[in-house]
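Visitor: no letters, just coordinates:
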């Protein structure tokens, strides 16, 4: 979240991108190649927000990172009003 958005907190805990650690945590939670985690990834279309200027691009990047560690994603896009529901 950029500093210009209400709620910005410079002290929030951040985590480095670590695919191997993600795979380890997924395995500890019972997910692996034989039993993959599958998520519906919902994102809005035709809207730009200060904290999410390009929702489809954000979905593309996050989905790629999730797929790299074995999490299957199913995209579901909605208009802003539907997305909020």
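Guide: Thanks, I have it. If you're wondering where the values come from, they're calculated on a predicted model, not measured in any experiment.
Visitor: where do the helices of this protein begin and end?
Guide: For the chain, helices defined by DSSP state H occupy the ranges 19-28, 55-68, 80-84.
Visitor: of all the ones you listed, which one is nearest residue 12?
Guide: helix 55-68 (18.0 Å; C-beta to C-beta). (Each C-beta comes from the backbone N, C-alpha and C, glycine too.)
Visitor: what residues sit buried inside the closest one?
Guide: By neighbour count on 16 or more other C-beta atoms under 10 Å, the buried set for helix 55-68 is 55, 59, 63, 66.
Visitor: nearest residue to the residue minimising distance to the centre of the chain in space, please, no chain neighbours.
Guide: With distances taken as C-alpha atoms, centre = their mean, residue 62 lies nearest the centre of the chain, 4.7 Å away. Distances taken as C-beta to C-beta, 6 or more residues apart in numbering put residue 41 closest to residue 62, at 7.3 Å, once the chain neighbours are dropped.
Visitor: so that neighbour makes contact with residue 59?
Guide: Yes. Using C-beta atoms under 8 Å, residue 41 makes contact with residue 59 at a distance of 6.0 Å.
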